[in-house]
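Engineer: from the sequence below, what's the structure:
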Amino acid sequence: MGMTRTRPTYVCCLMLMAGAPAAAQIAPPQVPENLKVPGTEAVLLKALGKGKQIYVCSAKPGAEGQFGWVLDRPQADLMDEKGDVIGKHYKGPVWEAADGSKVTGQVQQRANAPNANAVPWLLLKASSHQDAGAFARVSYIQRVDTEGGLAPAAGCDKSHAGAEASADYQAAYFFYVPRP
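Structural biologist: Model (predicted):
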């Protein structure tokens, strides 16, 4: 007895062979109005960033003799929904995919996180790219759903100038590309 193909199976196979996405598009996060990405963009990837926010004790500009913790760099792994490492996030700010492609972002807007003990949510616009790959066309990045990462409340004075302190954090990162 021979097998007969039904039309739905045939259409499904054609879509997969043509490179059509097998999964539904990733929905953008619910964010304050100032963190929304232009409607010309679509979510390419969502990743969980887990690591540290690293601060340096520095003199406050324009405040003679006063010091404070200033964010120097993030140091985090980027993970997919299964918890597999797919990239990293570091000083720049730069996001680097496992394939070596990189995107550097520039903060456009920020909003207080709903959790008062977390770093702010951000909207960043890509300012440069390096190498072909996953992040080569990224236009915007959103940092949302933040936990932790705030600078220490004390311990920064003239005698500690240049000292580093870190705070564990995690955040969801949404990477956008222009719609086709």
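Engineer: where are the low-confidence patches of the protein?
Structural biologist: 1-24 (pLDDT under 70).
Engineer: return the list of helices and strands in contact with the longest strand seen in it.
Structural biologist: Longest strand in the chain by number of residues (criterion: DSSP state E): strand 41-59. When contacts are defined as 3 or more C-beta pairs under 8 Å, 6 or more residues apart in numbering; DSSP states H and E, strand 41-59 packs onto strand 67-79, strand 85-90, strand 140-148, strand 164-178. Where C-beta positions appear, they are placed from N, C-alpha and C, glycine not excepted.
Engineer: return the set of buried residues in it.
Structural biologist: Residues of strand 41-59 classed as buried by neighbour count (16 or more other C-beta atoms under 10 Å): 41, 43-57.
Engineer: next one: stretch 162-171
Structural biologist: For stretch 162-171, burial by neighbour count (16+ other C-beta under 10 Å) applies to 165-167, 169-171.
Engineer: what do you get for stretch 97-104?
Structural biologist: If you call a residue buried by 16+ other C-beta under 10 Å, then stretch 97-104 has these buried ones: 97, 101-104.
Engineer: run through the bridge partners of the nearest residue to Q142 once chain neighbours are set aside.
Structural biologist: Leaving aside its chain neighbours, Q142 sits nearest to F174 (4.4 Å; criterion: C-beta to C-beta, 6 or more residues apart in numbering). For F174, the beta-bridge partners are K46, Q142 (DSSP bridges).
Engineer: just give me the neighbour total for F174.
Structural biologist: F174 has 23 neighbours, counted by other C-beta atoms under 10 Å.
Engineer: surely it meets A42?
Structural biologist: No - distance between F174 and A42: 10.4 Å, which falls outside the contact criterion (C-beta atoms under 8 Å).
Engineer: what sits against the residue nearest the centre of the chain?
Structural biologist: Nearest to the geometric centre of the chain sits Y173, at 3.1 Å (C-alpha atoms, centre = their mean). Residues in contact with Y173 (C-beta atoms under 8 Å, 6 or more residues apart in numbering) are 46-49, 78, 89, 95, 141-143.
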